[in-house]
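Visitor: Would you be able to build a 3D model of this:
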Amino acid sequence: MENYDIVIVGAGASGVFMAYELTKLDNNARVLMLDRGAPLEKRICPVKLGKTKVCVKCDPCHIMNGYGGAGTLSDGKYNLTTQFGGELHQYIGVEKAMELMEYVDEVLCSMGGEDARLYSTASTDLKTECLKYDLHLLEARVRHLGTDRNVRILGKIYDYIRDRVDMKFYTVVDSIDRNGDGSFVVTTSDGDQFRAEDVVLATGRSGSAWMERICDRFQVPQKKNRVDIGVRVELPAEIFRHITDEVYESKIVYQTEKYNDLVRTFCMNPYGEVVSENTNGIVTVNGHSYADPSLLSENTNFALLVSNKFTEPFRDSNEYGQAIASLSNMLGGGVLMQRFGDLVKGRRSSERRMEKCFTRPTLAATPGDLSLVMPKRQMDDIIEMIYALDKIAPGTANEDTLLYGIEVKFYNSRVEVDDRLMTKIPNLYALGDGSGVTHSLSQASASGVYVARLLAEKYSRS
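Guide: Numbers count the residues shown, from 1 in each chain. Reported below is the predicted structural model:
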């Protein structure tokens, strides 16, 4: 059995920034970081390589798992705000949360992100225009790195920490047990064991089921979170250019007239591409964009999501989202795609109709009928939102606007932690998106820095 002071389970945003800060600060902690996915240089999706047009459900998924987590191959957007992206500020305070996110931004810039533009959504004109149509623009500053630059930055962070932090990939943590002296034994599926004084659970979105199992093992209370269900919209970039050129990532919230449900835009990718990803064996849809001009497409894509919360007797919101996404997989063999004009006319988008479509899809998806998959209430919400967006971005409701489904944002159950992000079990921490406390790259990274500073004091050389 190998001995460490700190074992970090998960090499996503929170784990990587925790390792970075522990490397930077003066301390003598022996640190190990484990992840079930691949190292950075081997995180290559077969779809990206052109080996296949559809997701082949790699296990683990290279988009979702591995060094850097799900954020590595994302479009690299860091939103500096407490208005959305998690509730870290509820635990450590708004001022501290913003300070840590600013620090994360400084680190990213120092590692190669200094040329990435920092956008601001605090645009009076755009906010005013949105309010005319009962649309609400949330405020944030957005650093857009792009997938390509994001990967390079994470590579530099890896080079910075690799001599200080031991890292093991393709490693599944099977169990965590507590010794009588308060230390922990972390056991992998290969039978390897590591003893640690402190264990940090930082498994990200894809580790939701694992996190729940570990918390149940230690009887750590958890609260079920919501699940967001919707579609990814793709349309010619010109339609949203006046918005994306100014603010890049526009978080717009709308309350529908029919049901009073909240619908929001999410993860806007100007000149980007639609991608598929494998979450626990279910193929869902997402979007990426790049910094390199040669990699830009002619389209912009973004998600439209409807939040769903449930009361007794049903409690598992993620199971609900997985069930809906699985219908899309059943009918389309993966992701379904439909023209907006076909949807509102109640007809399936066929191969023949897609041949006449002026919007060229960036993802090879199966033409079909999303109304056979999406529940009527959520579909009505999305259609109403598209017509509302058409008022500030004319052309959104065009016949050839493409809708891909299903997009699902799973939220991990919120783990009960204190103001140190420690569970009721001493020296057992839960942070990042895996804890349900954060839902964004900025806040997840900030949570890693926060706990790293606490533990660096504990293991200070002085």
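
Visitor: if I look at Glu457, how far off is Ala29?
Guide: 10 Å (CB to CB, to the nearest Å). All C-beta spots, glycine's among them, are computed from the backbone N, C-alpha and C.

Visitor: These two: which is more packed in?
Guide: The neighbour count for Glu457 versus Ala29, taken as other CB atoms under 10 Å, is higher for Ala29 (20 against 11).

Visitor: wouldn't that one be in contact with Leu22 here?
Guide: Yes - at 6.2 Å, Ala29 counts as touching Leu22 under the criterion of CB atoms under 8 Å.

Visitor: overlap in contacts of the two?
Guide: In the contact map built from CB atoms under 8 Å, 6 or more residues apart in numbering, the residues linked to both Ala29 and Leu22 are Ile6, Leu455, Ala456.

Visitor: okay, and for the stretch 101-250 of the chain, where does confidence drop off?
Guide: 123, 225 (pLDDT under 70).

Visitor: So which residues of it form strands?
Guide: 118-120, 135-137, 141-144, 165-168, 173-178, 184-188, 193-201, 222-223, 227-236 (DSSP state E, counting those that start in this stretch).

Visitor: which residues in the protein form helices?
Guide: 13-24, 46-49, 89-92, 94-108, 124-132, 147-161, 208-217, 237-247, 317-332, 340-344, 351-355, 376-392, 441-458 (DSSP state H).

Visitor: May I see the buried residues of the fifth one?
Guide: The reference is to helix 124-132. Leu126, Lys127, Glu129, Cys130 (16 or more other CB atoms under 10 Å).

Visitor: Rebuild those as CSV, extending it with distance to Ser413.
Guide: Listed next are these as CSV, based on distance: CB to CB, whole Å:
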residue, distance to Ser413
Leu126, 35
Lys127, 34
Glu129, 38
Cys130, 33
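
Visitor: farthest-separated two in the residues you listed?
Guide: Spanning the widest gap among these are Lys127 and Glu129, at 7.4 Å by CB to CB.

Visitor: any idea of the pLDDT on Arg315?
Guide: The confidence metric pLDDT takes the value 67 at Arg315.

Visitor: so how far is Glu319 from the nearest residue in space to Gln322 that is not next to it in sequence?
Guide: Among residues not flanking Gln322 along the chain, Ile282 sits closest, at 5.5 Å (CB to CB, 6 or more residues apart in numbering). To Glu319, Ile282 is 11 Å away according to CB to CB.

Visitor: My understanding was that Leu135 contacts Val253; is that so?
Guide: Yes - counting by CB under 8 Å, Leu135 touches Val253, with 7.4 Å between them.

Visitor: Looking at those two, which is more packed in?
Guide: Taking neighbours as other CB under 10 Å, Leu135 and Val253 compare with Leu135 leading, 23 against 17.

Visitor: List the residues that contact that one.
Guide: By CB under 8 Å, 6+ apart, the neighbours of Leu135 are Ile252, Val253, Tyr254, Ala388, Leu389, Ile392.

Visitor: Pull the most distant pair out of those.
Guide: Every pair of the contacts of Leu135 checked by CB to CB; the farthest is Val253 and Ile392, at 13.1 Å.

Visitor: Domain-wise, how is this structure divided?
Guide: When the chain is parsed with automatic domain parsing, its domains come out as 2-119+141-224+414-458, 227-410.

Visitor: Contacts only, for Ser328.
Guide: With CB under 8 Å, 6+ apart, Ser328 has these contacts: Val283, Gly334, Val335, Leu336, Leu370, Val373, Gly405, Ile406.

Visitor: where exactly do the strands run in the stretch 251-400 of the chain?
Guide: 252-255, 262-269, 273-279, 282-288, 299-308, 336-339, 366-367.

Visitor: Can I get these in JSON lines including mean pLDDT?
Guide: Listed next are the strands of the stretch 251-400 of the chain as JSON lines, based on pLDDT from 0 to 100:
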{"stretch": "strand 252-255", "mean pLDDT": "96"}
{"stretch": "strand 262-269", "mean pLDDT": "94"}
{"stretch": "strand 273-279", "mean pLDDT": "87"}
{"stretch": "strand 282-288", "mean pLDDT": "89"}
{"stretch": "strand 299-308", "mean pLDDT": "94"}
{"stretch": "strand 336-339", "mean pLDDT": "97"}
{"stretch": "strand 366-367", "mean pLDDT": "96"}
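
Visitor: Which among the ones you listed is found nearest to Met33?
Guide: strand 273-279 (22.2 Å).

Visitor: so how far is the closest one from its chain's centroid?
Guide: 12 Å (CA atoms, centre = their mean, to the nearest Å).
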